[in-house]
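> from the sequence below, what's the structure:
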Amino acid sequence: MQEIRHTPVAPTRTQRLASGGEIDAHRHDDHQIAYASRGTIAVSTDGGSWVAPATRAIWIPAGTVHQHQAHGELDLHLVGLPAEENPLELAEPAVLAVSPLLRELIIAHTRAPADRSAARLRLRAVLLDQLAISPEQPLHLPAPSSPLLRELHAILRADPADNRTLEDIGRQIGASSRTLSRRLRAELGLTYHQWRTQIRLHHALILLAEDVAVTAVAHRCGWSSASTFIEVFRRAFGHTPGAGPGEPGAPGG
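Okay, the predicted model is just below:
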């Protein structure tokens, strides 16, 4: 991704984005947390993409060139933190679990006036405490660098429901399944099945944000049945599709 602009201070604010809306590529000298209380936020960097529904937030380390994209009508909450303040001790982007308490803290902090009142500082301190204990979620979709894996990636992203084996797709792009498997392990640390599942889950989050029915999402993302999709989704995200923060099936709900 080409760096477009440099905004030294990462803002702390709430803003709305229409579905499909974007914040173009940029970087900050500060860390930033991106959280969508409504809709689904996607953050892309040269290293891959991260997608987060309303039960997750995305950690963006200082200096990372990134862009945001809205899926569904988005209420986006951005929290900026000075570079020396890293409660998570993370040097790479990550998806974090958002408990009902952390959700309310982020919303309140990003909607409060930007001052240094005692009440705001106390709110910020509790928010940082909650961030420090927020577990990281394995929802990163890594971007491959080798030409063969980029071609494989393009095929799977274009049609997540493509159920062909790695051997079948390998014949299309001129590589053996053994070669592709070895490169996936070496470059991404994933098996073909794991990588394809990550691609499908990311696409599923986007479709769900656009109010596509669960059964249709399962079909369009390549699962044999809605029940299979729901179980895979629950294992990955800790709740069933459509369960928002505080609802049955959601963390803390």
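> so what's the residue count around residue 183?
Residues lying near residue 183 (other Cβ atoms under 10 Å) number 16. (Each C-beta comes from the backbone N, C-alpha and C, glycine too.)
> convert stretch 22-40 to PDB, retaining C-alpha atoms only.
Extracted in PDB, the C-alpha atoms of stretch 22-40 (Å, rounded to 0.1, in the frame of the first residue of the first chain):
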ATOM      1  CA  GLU A  22     -13.300   4.600   3.200                       C
ATOM      2  CA  ILE A  23     -10.600   6.600   5.100                       C
ATOM      3  CA  ASP A  24      -7.700   6.600   2.700                       C
ATOM      4  CA  ALA A  25      -4.200   5.300   3.400                       C
ATOM      5  CA  HIS A  26      -2.400   7.200   6.100                       C
ATOM      6  CA  ARG A  27      -0.200   6.800   9.200                       C
ATOM      7  CA  HIS A  28       0.100   8.300  12.700                       C
ATOM      8  CA  ASP A  29       3.000   8.800  15.100                       C
ATOM      9  CA  ASP A  30       0.600   7.500  17.700                       C
ATOM     10  CA  HIS A  31      -1.100   4.100  18.300                       C
ATOM     11  CA  GLN A  32      -4.800   3.900  17.400                       C
ATOM     12  CA  ILE A  33      -7.800   1.700  18.300                       C
ATOM     13  CA  ALA A  34     -10.600   1.400  15.700                       C
ATOM     14  CA  TYR A  35     -13.900   0.100  17.000                       C
ATOM     15  CA  ALA A  36     -17.300   0.000  15.200                       C
ATOM     16  CA  SER A  37     -20.300   0.000  17.500                       C
ATOM     17  CA  ARG A  38     -22.500  -0.400  14.400                       C
ATOM     18  CA  GLY A  39     -21.400  -2.200  11.200                       C
ATOM     19  CA  THR A  40     -18.100  -3.900  10.500                       C
END
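> what average pLDDT does that stretch get?
On average, the pLDDT along stretch 22-40 is 93.
> repeat for stretch 175-195
91.
> which residues outside that stretch are in contact with it?
Stretch 175-195 is contacted by residues 142, 144-146, 148-149, 152, 156, 165-167, 169-170, 198 when judged by Cβ atoms under 8 Å, 6 or more residues apart in numbering.
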